[in-house]
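1. Pasting the sequence and the predicted model now:
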Amino acid sequence: PESLGDIVEEEFEMLTAEEREALEVASVTGESFAVQALVAGTESDAEGLEQTCGRLARWGQFIETRGVESWPDGSSGTRFRFRHAAFRRGVYERIAPLRRQELHLRIGERIVAAQTADLDRQAHALALHFEQGGDRERAIGYLEGAANQLCQRFADREAMGYLRHALELLEALPDSDDRARRELELRIRLARAATHALGYSPADMDASLERANELAKTLDDAERLAVVLTYQSRSLSDGGRADALRALAWQHLELEPRLEDPVLRAQMHNEMAIGMFLGGLLDSAEAEHAVVRCHLGGIDAGESTALLGHDLGTLGAALYALTTWLRGQPESARRRAAESLERAARIGEAVAHYTALVLSQMLAQLMRDPVAVRQLGARLAKCLKENGFSSPYAFFHAPQGWLLVQDGELAGGIARLEAGRDEARATGACACLS
């Protein structure tokens with residue numbers, strides 16, 4: 001034989017028809033597979049397949065045993081694995097396209113029927129089977145499920161890939177209000193995952209958010225439009241584009257009469273406060289912060305996090321602290337920062353904790369308190385490590401460079417500041433770059 005493919009072909013032709021069929025169905029199922037899944041694609045029963053696959057494993061050419069697996073429907077059987085990805089690929093490519101599509105669909109349906117109580121864990125595999133089986137509608141649903149599982153484990157970067165793929169599949173579905181609403185939700189979830197994964201809103205998210213904005217307006221959904229505007233505002237804030245942020249905030253405020261949710265109303269005023277803050281309009285920023293606090297009175301932190309991807313109370317208190325400091329009210333600033341940190345600790349939400357630490361450390365640096373900067377920096381580093389967050393913002397690097405200068409390490413401090421400046425510019429997370 002001239003290649004590995006030739007070897008696979010030669011060995012495959014030596015098998016019985018029953019063995020070839022079992023391997024073909026197995027190659028569609030995946031790199032590893034339980035005997036229970038193969039039943040969907042053959043005329044054999046589980047016991048016969050177990051014997052066939054056991055015989056192939058003892059031969060040692062294509063597959064090997066990997067223990068026993070029980071499914072939620074009560075069935076159990078041996079789990080096998082292809083000894084090499086090339087073996088599986090060689091068998092898989094022998095199957096006619098229509099037969100492959102049929103097998104993917106039948107195997108996906110078999111898994112759904114047998115593992116109803118554990119479908120979230122199977123979402124990735126099911127998305128693949130239904131996509132390859134030609135059922136894009138169900139594939140999109142399982143891609144969303146797989147993304148949910150990843151986000152719950154703070155693997156938002158990987159979740160972004162699933163959400164983007166779901167959007168690609170959605171393009172092939174007929175136009176309808178249902179499709180438009182589904183696309184809108186996917187784009188909102190993508191924006192949230194990007195913010196959590198990267199620590200900022202990347203520039204390439206602008207087009208997706210603009211599309212989400214158009215969809216929300218077409219659907220005349222004021223509340224989802226308010227959420228989209230929140231992420232668009234975040235992108236402008238990350239980029240330090242104060243004028244554009246204030247202009248968007250006015251659009252946001254125009255929605256207020258149509259909104260019933262106090263969290264969304266508070267968020268509008270929060271975005272206005274950020275725009276005023278970045279533009280140096282501190283009196284107006286403080287007034288907006290006061291409105292935010294009024295709207296959030298009695299609101300559970302979980303409502304804000306579920307809707308916006310962050311706890312508005314924690315963020316609002318931290319920004320309020322910076323505003324009052326710049327207005328010459330140090331004691332008020334300390335109280336607001338402590339309130340932000342205490343709230344984040346109380347609700348136990350990772351993004352809230354990160355937000356409170358970053359902005360409180362920034363305030364400590366402005367107050368020229370090296371002890372507090374070190375303590376908050378240590379806590380922030382631990383938070384970043386535990387949750388897999390990144391922090392490209394200039395105001396993450398600034399306190400570290402400042403501390404080095406305070407310790408007499410002038411060259412090291414300047415180098416750290418320059419590194420932070422370059423990373424902020426490269427990512428577009430230029431807020432507070434000055």
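-> Here it is on my side, so go on. Numbering: from 1, shown residues only.
2. The spatially closest residue to A242 that is not a sequence neighbour - how many residues pack around it?
-> Spatial nearest neighbour of A242, excluding adjacent residues (C-beta to C-beta, 6 or more residues apart in numbering): L278 at 3.7 Å. Backbone N, C-alpha and C define where each C-beta goes, glycine included. By other C-beta atoms under 10 Å, the residues close to L278 number 19.
3. With the one 10 residues further on instead?
-> For E288, the number of neighbouring residues by other C-beta under 10 Å comes to 25.
4. Surely it is in contact with Q267?
-> No. Between E288 and Q267 there is no contact under C-beta atoms under 8 Å: 11.3 Å.
5. Could you check the pLDDT of the residue nearest to A242?
-> For L278, the model assigns a pLDDT of 78.
6. cool, and the one 4 residues further on?
-> Reading off the per-residue confidence, L282 sits at a pLDDT of 91.
7. quick one: contacts for it?
-> 276, 323, 326-327 (C-beta atoms under 8 Å, 6 or more residues apart in numbering).
8. would you turn these into JSON lines with secondary structure?
-> Formatted as JSON lines, the contacts of L282 follow (DSSP: H, G, I helix; E, B strand; the rest coil):
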{"residue": "M276", "secondary structure": "helix"}
{"residue": "T323", "secondary structure": "helix"}
{"residue": "L326", "secondary structure": "helix"}
{"residue": "R327", "secondary structure": "coil"}
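9. Filter these down to the buried ones and hand me the PyMOL line.
-> Buried residues among those (16 or more other C-beta atoms under 10 Å), as a PyMOL selection:
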select buried, resi 276+323+326
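10. out of the contacts of L282, who's nearest A352?
-> Using C-beta to C-beta, T323 comes nearest to A352 of the contacts of L282, at 18.9 Å.
11. okay but the closest one is in contact with F277, surely?
-> Yes. Between T323 and F277 there is a contact at 5.7 Å, judged by C-beta under 8 Å.
12. sorry, back to before: out of the contacts of L282, the closest to R293 would be?
-> Nearest to R293 among the contacts of L282, with distances taken as C-beta to C-beta, is T323, at 12.3 Å.
13. show me the contacts for the closest one.
-> Applying C-beta under 8 Å, 6+ apart, the residues near T323 are 273, 277, 282, 285-286, 289.
14. Which parts of the stretch 1-150 of the chain are helices?
-> 4-13, 17-29, 35-38, 46-59, 85-92, 97-114, 123-132, 136-152 (DSSP state H, counting those that start in this stretch).
15. Does anything pack onto the last one? Which helices or strands?
-> When you say that, I think you mean helix 136-152. The contact analysis (3 or more C-beta pairs under 8 Å, 6 or more residues apart in numbering; DSSP states H and E) places helix 136-152 against helix 123-132, helix 156-170, helix 177-198.
16. Serialize those helices to TSV and add fields for distance to A301, mean pLDDT and mean neighbour count.
-> Shown next, in TSV, are the helices and strands packed on helix 136-152 (distance: least, C-beta to C-beta, whole Å; pLDDT from 0 to 100; neighbours: other C-beta atoms under 10 Å):
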stretch	distance to A301	mean pLDDT	mean neighbour count
helix 123-132	28	92	22
helix 156-170	20	92	20
helix 177-198	16	89	20
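17. Looking at those, which is nearest to E339?
-> It is, among the helices and strands packed on helix 136-152 and with distance given as C-beta to C-beta, helix 177-198, at 23.3 Å.
18. can you pull the buried residues of the helix or strand sitting right after that closest one along the chain?
-> Sequence-wise, the next helix or strand downstream of helix 177-198 (DSSP states H and E) is helix 205-218. Buried residues in helix 205-218, counting neighbours by 16+ other C-beta under 10 Å, are found at 205, 208-209, 212-213, 215-216.
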